[in-house]
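*Asks:* here is my input, please return the structure:
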Amino acid sequence: MPSPLLSRLRDAALDFVFPPRCAACGHGGSFLHPACAAQLLLAAPPRCPLCWEPSQGGPCGQCRQHQPTFEGLRAPFVMQGGAQAAVHALKYRGLSAAAPAMGELLAAEARSFGLPADVVTAVPLTGGRRRVRGYNQAALLARAVAGSLDLPFAPA
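*Replies:* Now for the predicted structure:
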C-alpha cells in the first residue's frame, strides 16, 4: 500500500490530468459541486427507526411483522437528484474516484444518527457485477466512510 504522501501526490497528478467534475451538474473542481451537495435531500423522519423506510412513528409494518436482526439502518439522502447522479456515476460510469468524497458526505451524516458502530462493511457484490465494473462500489464507499469515522473496514 502506498504511503499517504505518495497517495496524495498520485491523486494530485490525476486531478491535474483528469480534473474532477461534478457527477450531478458537470461543474469542474469536485465530484459533487458544493451547490449540488447543498441541494441533496436528506432522508429525514418520520421513518421507521429500524429499516428507515418512511413511516408514521414507530416501526413500520414490515419490521413489526419480521423483527430485523440489526439495531438500525440509515440512509442519509433520498435517492434522487444529485444523490442519484453521484451513485449512478460511481456504479455505472466507472467514476470510482468519487467514492472518497461521497464517503465523507455519508460519514458526516452518519455521525448525526447516533447508532453505535464497531465496524463498517459493504453488501457483497456478485462476481459477475464486479468483473463488469472492475471494482466494488459499495466497498469503496464503505472504506471511505470507515476512514472518515475512524472505524475499521471489514471487507464482505
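*Asks:* CA only for contacts and neighbour counts going forward, please
*Replies:* Will do.
*Asks:* what about the helices in the protein?
*Replies:* With DSSP state H applied, the chain shows helices at 4-17, 34-38, 61-65, 81-92, 99-113, 127-133, 137-149, listed in chain order.
*Asks:* neighbours around Leu149, how many?
*Replies:* 19 (other CA atoms under 10 Å).
*Asks:* which ones are touching the nearest residue to it once chain neighbours are set aside?
*Replies:* Leaving aside its sequence neighbours, Leu149 sits nearest to Ala107 (CA to CA, 6 or more residues apart in numbering; 6.3 Å). Taking CA atoms under 8 Å, 6 or more residues apart in numbering as the criterion, Ala107 is in contact with Val145, Ala146, Ser148, Leu149.
*Asks:* those residues into a markdown table, with extra columns for pLDDT and distance to Leu32?
*Replies:* Formatted as a markdown table, the contacts of Ala107 follow (pLDDT from 0 to 100; distance: CA to CA, whole Å):
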| residue | pLDDT | distance to Leu32 |
| --- | --- | --- |
| Val145 | 94 | 16 |
| Ala146 | 95 | 20 |
| Ser148 | 93 | 17 |
| Leu149 | 94 | 20 |
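*Asks:* out of those, which is most surrounded?
*Replies:* Counting by other CA under 10 Å, top hit in the contacts of Ala107: Val145 with 27 neighbours.
*Asks:* which residue, other than its chain neighbours, is closest to that one?
*Replies:* In space, and not counting its chain neighbours, Val145 is closest to Gly103: 4.6 Å by CA to CA, 6+ apart.
*Asks:* so what's the one you found up against?
*Replies:* Applying CA under 8 Å, 6+ apart, the residues near Gly103 are Leu141, Ala142, Arg143, Ala144, Val145, Ser148.
*Asks:* relative to Leu73, how far out is it?
*Replies:* Distance, Gly103 to Leu73, by CA to CA, to the nearest Å: 16 Å.
*Asks:* likewise for Pro49?
*Replies:* As for Pro49, its distance to Leu73 is 8 Å (criterion: CA to CA).
*Asks:* what about the two, which has more around it?
*Replies:* Taking neighbours as other CA under 10 Å, Pro49 and Leu73 compare with Pro49 leading, 19 against 15.
*Asks:* skipping adjacent residues, who's closest to the more buried one in space?
*Replies:* Closest residue to Pro49 apart from its sequence neighbours, by CA to CA, 6+ apart: Pro59 at 6.0 Å.
*Asks:* low pLDDT regions in the protein?
*Replies:* Low-confidence segments of the chain (pLDDT under 70): 1-4, 7-8, 10-18.
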